[in-house]
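Asks: Generate a structure from the sequence data that follows.
(chains A and B)
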Amino acid sequence: DQQVKQNSPSLSVQEGRISILNCDYTNSMFDYFLWYKKYPAEGPTFLISISSIKDKNEDGRFTVFLNKSAKHLSLHIVPSQPGDSAVYFCAASPEYEKLTFGTGTRLTIIP
Amino acid sequence: DSGVTQTPKHLITATGQRVTLRCSPRSGDLSVYWYQQSLDQGLQFLIQYYNGEERAKGNILERFSAQQFPDLHSELNLSSLELGDSALYFCASSSSRTGGEKLFFGSGTQLSVL
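Replies: I've put the predicted structure just below:
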């Protein structure tokens, strides 16, 4: 039972353009959402988070949007840079308890 | 460098065998988590320890067990290995009991069961 779904296994975006990564969840108890980024041969690293009391959180080039009614989360990266090429995992948790991760989206930024 | 150390980085073994994966958390972190990433799967939560005690259990098989020692390092034991156990096993640590806030991950142990 995949409670957090990333339906796009891969995404290619031109350098300088916007990258939009999507994530859907099914568990209505989830109220805390995070994005992690993973480079090859490394563990995932935290990127940005949002709690259910907000619908947007920004950190530099990265913005996460939350649509609770649609149970949908998205990560916007603008402008996209070659160093952003990585696998991105979304994760969710109820009341800050254990995280449930999606399957990841491999983002490739084309120079 | 996340500060979380996992050893070994790679492990190749045969079906039916038993292996031990080791994790040293970031200095000061009391919580250790184990995750499994199989091909085309997300990170599946296996188990969490907090200050030596098991705190939460996820999709961990009965053939798998873990413990956290007084010095806070943790070991994940996998026994009666099957081909399907081949995966990347991550350890993560955090400073609190709950796992919802950001975790710090090690670089993983790639297990190949032949």
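Asks: Please report how far A:F30 lies from chain B.
Replies: 10 Å (Cβ to the nearest Cβ, to the nearest Å). Glycine gets a C-beta too; all of them are placed from N, C-alpha and C.
Asks: Please name the nearest non-neighbouring residue to that residue.
Replies: Distances taken as Cβ to Cβ, 6 or more residues apart in numbering or on different chains put A:A92 closest to A:F30, at 4.0 Å, once the chain neighbours are dropped.
Asks: who's in contact with the one you found?
Replies: Taking Cβ atoms under 8 Å, 6 or more residues apart in numbering or on different chains as the criterion, A:A92 is in contact with A:Q3, A:V4, A:Y25, A:N27, A:F30, A:Y32, A:F33, A:L34, A:L73, A:L99, A:T100.
Asks: Show the contacting residues for the fourth one.
Replies: Meaning A:N27. Here A:N27 is in contact with A:Q3, A:A92, A:P94, A:T100 (criterion: Cβ under 8 Å, 6+ apart).
Asks: now those as a markdown table including secondary structure and pLDDT?
Replies: Listed next are those as a markdown table, based on DSSP: H, G, I helix; E, B strand; the rest coil; pLDDT from 0 to 100:
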| residue | secondary structure | pLDDT |
| --- | --- | --- |
| A:Q3 | coil | 90 |
| A:A92 | strand | 92 |
| A:P94 | coil | 85 |
| A:T100 | strand | 88 |
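Asks: Considering the residues you listed, which possesses the most neighbours?
Replies: Most neighbours among those, by other Cβ atoms under 10 Å in any protein chain shown: A:A92, with 24 neighbours.
Asks: Chain B contacts on chain A?
Replies: A:2, A:4, A:6, A:9, A:32, A:34, A:36, A:41-46, A:49, A:89, A:91, A:93, A:95-104 (Cβ under 8 Å from any Cβ of the partner chain).
Asks: No further queries at this time; thank you.
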